[in-house]
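Trainee: Provided below for reference: sequence and predicted model.
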Amino acid sequence: MAPERWAASRARVEALAAEHGRAPAEWRHGLAVWVGFGDSRADAGARLGAAMEALYRRPFGDFAAYAPHGTADDVAEALAPYAAAGCGTLNLIPVGVDDAATVAGCARVRELLGHVVTA
């Protein structure tokens, strides 16, 4: 889902709550997103694609635009518009070369985007 569509969905949820007399809440809207970490977009995309294709039985091309991959800095750059659009939690579903690299990638994304990242 593109950041603009995510923001529109968030606004719609809040509008529906108001229409139905729901008291304003301290919203913490979030997004669960697959991410791939590697030395390059190609490296990360190959690994992430294999994992997603195995689970969903669909070509990675169906998901690639909505599954940030590359270096941790690339992933953070792709996710920053969601944080700017009011996404309070980014729940990462990470894939990396090994556990240590995957944790390090998540930590770097959190460092760059702040408190909105969980993994």
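Mentor: Nice, I can see it.
Trainee: sec struct for residue 94, please.
Mentor: Here residue 94 is strand, with the state taken from DSSP: H, G, I helix; E, B strand; the rest coil.
Trainee: Spatially nearest residue to it, not counting backbone neighbours?
Mentor: Of all residues not flanking residue 94 in the chain, residue 102 sits nearest, at 4.8 Å (C-beta to C-beta, 6 or more residues apart in numbering). Yep, even glycine has a C-beta here, placed from its N, CA and C like the rest.
Trainee: Convert the one helix or strand the one you found maps to to PDB, retaining C-alpha atoms only.
Mentor: Secondary structure assignment for residue 102, by DSSP states H and E: helix 99-113. Only the C-alpha atoms of helix 99-113 are listed here, as PDB (Å, rounded to 0.1, in the frame of the first residue of the first chain):
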ATOM      1  CA  ASP A  99      19.800 -13.500  12.300                       C
ATOM      2  CA  ALA A 100      22.600 -11.100  13.300                       C
ATOM      3  CA  ALA A 101      22.400  -9.200  10.100                       C
ATOM      4  CA  THR A 102      18.600  -9.100  10.300                       C
ATOM      5  CA  VAL A 103      18.600  -7.700  13.800                       C
ATOM      6  CA  ALA A 104      21.200  -5.200  12.900                       C
ATOM      7  CA  GLY A 105      19.100  -4.100   9.900                       C
ATOM      8  CA  CYS A 106      16.100  -3.600  12.100                       C
ATOM      9  CA  ALA A 107      18.100  -1.700  14.700                       C
ATOM     10  CA  ARG A 108      19.400   0.600  12.000                       C
ATOM     11  CA  VAL A 109      15.900   1.300  10.700                       C
ATOM     12  CA  ARG A 110      14.700   2.000  14.200                       C
ATOM     13  CA  GLU A 111      17.700   4.300  14.700                       C
ATOM     14  CA  LEU A 112      16.800   6.300  11.500                       C
ATOM     15  CA  LEU A 113      13.000   6.300  12.000                       C
END
